[in-house]
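Peer 1: let me see the structure of the following:
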Amino acid sequence: MLNTLRIASEQYHPDTGYDGFIGWVLNLMETIGEVGVGLAVFIETFIPPIPSEAVLPGAGFLAYDGRMNVWLAWLAATLGALIGAWVWYAIGAALGRNRTRALVGRIPLMEFEDFDKAEAFFIKWGGLAVLLGRCVPLVRSFISIPAGIEKMNFWKFTLYTTIGSGVWNAIWVGLGFAFGPAIKPVLEQWSGVLSNLVLVVIAVLVLWFVVVRLRKLMRQRRESDSTQTP
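Peer 2: You can find the predicted model right below:
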């Protein structure tokens, strides 16, 4: 994975002063535009290991640099989160608790525990969990499911999701925009070095997530086999 990312970044020859992987990502976001920001947030709804926090500050920086509209980036991100939430809400409402829980458990590297955490969060806080859950990693991806299962009022659900997602996205896009003056000279001088560091961090985080999940799945299978052995 690290080699793939490095090759992609080396193929990018920036004309904006940003080198390596960082330049490639910024160029990709600029090419796709604000719609790409919304798409990235939408994808995170179904693939939680891809954090929106890694995308939104970049959108804010591009807005500061005059290559993206900050308000449209924020709107696209919020719409992406809302549409993803609608999908999970509809799945929960249509399939019910047990079948939806089984579906989440079949998603690669996801666990039933991810569903259980979101459900417990919703049970504890009720409708407010939809609002607060947008700021909690993993929970924000699945908090819409128990809302759908419990048939929470759809328009109330939509309002809470929009507010929670809107505030969360505004924070991260705003950080990228606000720190643009400080980030730009650093990227212009050190983007190549920083790109290598980012690649290493991404590879380590992905590897850690995969290893932890696979070890847990293997342990659960061994325990299950031992209990079934006469």
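
Peer 1: measure stretch 104-122 end to end?
Peer 2: 16 Å (C-alpha to C-alpha, to the nearest Å).

Peer 1: and the helix or strand encompassing residue 95, what does it pack against?
Peer 2: If you go by DSSP states H and E, residue 95 is part of helix 70-106. Applying 3 or more C-beta pairs under 8 Å, 6 or more residues apart in numbering; DSSP states H and E, we find helix 70-106 packed against helix 34-46, helix 56-64, helix 112-125, helix 139-142, helix 144-149, helix 154-178. In this view, the C-beta of every residue, glycine as well, is placed from N, C-alpha and C.

Peer 1: and the last one, which residues are buried?
Peer 2: Translated: helix 154-178. 157-158, 160-162, 164-166, 168-170, 172-177 (16 or more other C-beta atoms under 10 Å).

Peer 1: what does the first one give?
Peer 2: Taking 16+ other C-beta under 10 Å as the neighbour-count basis, helix 34-46 is seen to contain the buried residues 34, 36-42, 44-45.

Peer 1: packing partners for it?
Peer 2: With 3+ C-beta pairs under 8 Å, 6+ apart as the test, helix 34-46 has helix 20-32, helix 56-64, helix 70-106, helix 139-142 packed against it.

Peer 1: nearest to residue 207, of the ones you listed?
Peer 2: helix 20-32 (17.0 Å; C-beta to C-beta).

Peer 1: list the contacts of residue 94.
Peer 2: Residues near residue 94 by C-beta atoms under 8 Å, 6 or more residues apart in numbering: residue 148.
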